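S.K.: With the input below, show me the fold.
(2 chains)
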Amino acid sequence: MEKLIYEFDGGAPVKATQGPAIVGVVGSGNLEVLVEPENLGGRCVVEILTAARGFGDIWKAVLEDFFARHKLADLRISINDVGATPAVVSLRLDQAVESFLGGAS
Amino acid sequence: MNSYYEASARERLRLLLDPGTFHEFLPPSERVASPHLLQLDTPAAFDDGIIVGKGLLDGRAVLAAAQEGGFMGGAVGEVHGAKLVGLLERARDERPAAVLLLVESGGVRLHEANAGLIGVSEIMRAVLALRSAGVPVIVLDGGQFGCFGGMGIVARLCDAIVMSEEGRLGLSGPEVIETTCGVEEFDSRDRALVWRTVGGKHRYLLGEADALVADDAAAFRQAAIDLLDTKPDLSLEALTAEHERLGGRLERFGACRDALDIWSALGIAAPEKLPLLEADAFRAAVAGKRA
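M.R.: Numbering: from 1, shown residues only, chains lettered A, B, ... in the order given. Purely as a prediction, here's the structure:
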């Protein structure tokens, strides 16, 4: 397994309608994404535990795209991954934010 | 209509209970995950594959647990088992209208086998203690992974089981039987064989499942509501009679080689048509014929 941490600055604080949100399942080719509000000095911190080693550059690219879509601050995103493809990761990240901002969990 | 089979464990709880009433104990943000899986360099889920909590069902307080089959086949590890035992013991103090177990599990998680085995035995003891205290434990079985191994035993220790045709219930799962006894004994890839042997319709016909519903979360919800006032007779006389009934069932059907033979022996006309019937038509076709 590999642990990866990425941080993003320059986002805007969001007002969630509920507490933490979780989407996805820790199964083959899938992942779970937990989104929690936390005072991180304006940063958005993403922490990933993945079964697939050596894909740090791809995670970075996927997360940069995600942060470009959702400029969020003071948010901790925690991921348990079992080799999900970049498309699935992007989908789950979007679902997680949608759920966090007030959709159904 | 929301498919129960396709839904995740979290979605099932949301669809089953009164809207917005579910409150989770030890939610993912608490990060009570398996300590064993990380040592084995295997990804662990924040909730260890089971969601436990309280909510309302038709306005009445219940405790509920849902296993997530997508994470390690819903298998019971140390934390997973402890969360379920804790919920059952809590029910002895809180005395809710019922405890609902949304099962979906292959049994013990082999990565943490000893801890998982102990967990399953503790779940069994907690279920029996809760039943004797008069709180019904109701099982709902309609997920993609079925309910096997230790959780299959747990399910049959409970007060009532609700299944869909898609649900499966057994001790050794089809792949385990094929691996240990050979494909001539049981072909786990023969889906029709698997479902007519361990599927909901057969379990309903044998009297093991109390209700057979369509693969619809609303149908599961209604069946659970209907079972809330289940008050089984736990007297020694009733248990002795149940053992005699099961012994008689074995005598009656023990020589059958296939579920179809049992359905014929039950006096069902055109048994080969049963797998094709929708839940309502199926219940009508077998009314008064169950073992």
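
S.K.: For the rest of this, base every contact and every neighbour count on C-alpha atoms.
M.R.: Will do.

S.K.: and residue B:188, what does it touch?
M.R.: Going by Cα atoms under 8 Å, 6 or more residues apart in numbering or on different chains, residue B:188 touches B:174-175, B:177-178, B:194.

S.K.: all helices of chain B, in order?
M.R.: Counting by DSSP state H, chain B has these helices, from start to end: B:9-16, B:35-39, B:78-94, B:113-132, B:150-157, B:174-181, B:191-198, B:200-205, B:217-226, B:236-253, B:259-265, B:279-286.

S.K.: What about the closest residue in space to residue B:173 that isn't next to it in sequence, how many residues nearby?
M.R.: Closest residue to residue B:173 apart from its sequence neighbours, by Cα to Cα, 6 or more residues apart in numbering or on different chains: residue B:148 at 5.9 Å. Per other Cα atoms under 10 Å in any protein chain shown, the neighbour tally for residue B:148 reads 25.

S.K.: still on that earlier bit, so which of the helices of chain B has the densest surroundings on average?
M.R.: helix B:200-205 (a mean of 26; mean count of other Cα atoms under 10 Å in any protein chain shown).

S.K.: Check which helices and strands the helix or strand of chain A with the lowest mean pLDDT sits against.
M.R.: Ranked by mean pLDDT, DSSP states H and E, the helix or strand of chain A with the weakest confidence is strand A:12-13, at a mean of 87. Applying 3 or more Cα pairs under 8 Å, 6 or more residues apart in numbering or on different chains; DSSP states H and E, we find strand A:12-13 packed against strand A:72-73.

S.K.: Not counting the strand it packs on itself, show me its contacts.
M.R.: Outside strand A:72-73, the residues touching it (Cα under 8 Å, 6+ apart) are A:9-14, A:40, A:42-44.

S.K.: and if we set it to 6 Å?
M.R.: For strand A:72-73, the surrounding residues in contact (Cα atoms under 6 Å, 6 or more residues apart in numbering or on different chains) are A:11-13, A:42-44.

S.K.: hang on, the earlier thing: could you list every residue that touches the residue nearest to residue B:173?
M.R.: Per Cα under 6 Å, 6+ apart, neighbours of residue B:148: B:106-107, B:169-171, B:173.

S.K.: can you pull the buried residues of the one helix or strand residue A:64 maps to?
M.R.: Residue A:64 belongs to helix A:56-69 when assigned by DSSP states H and E. Buried residues in helix A:56-69, counting neighbours by 16 or more other Cα atoms under 10 Å in any protein chain shown, are found at A:56, A:59, A:62-63, A:66-67.
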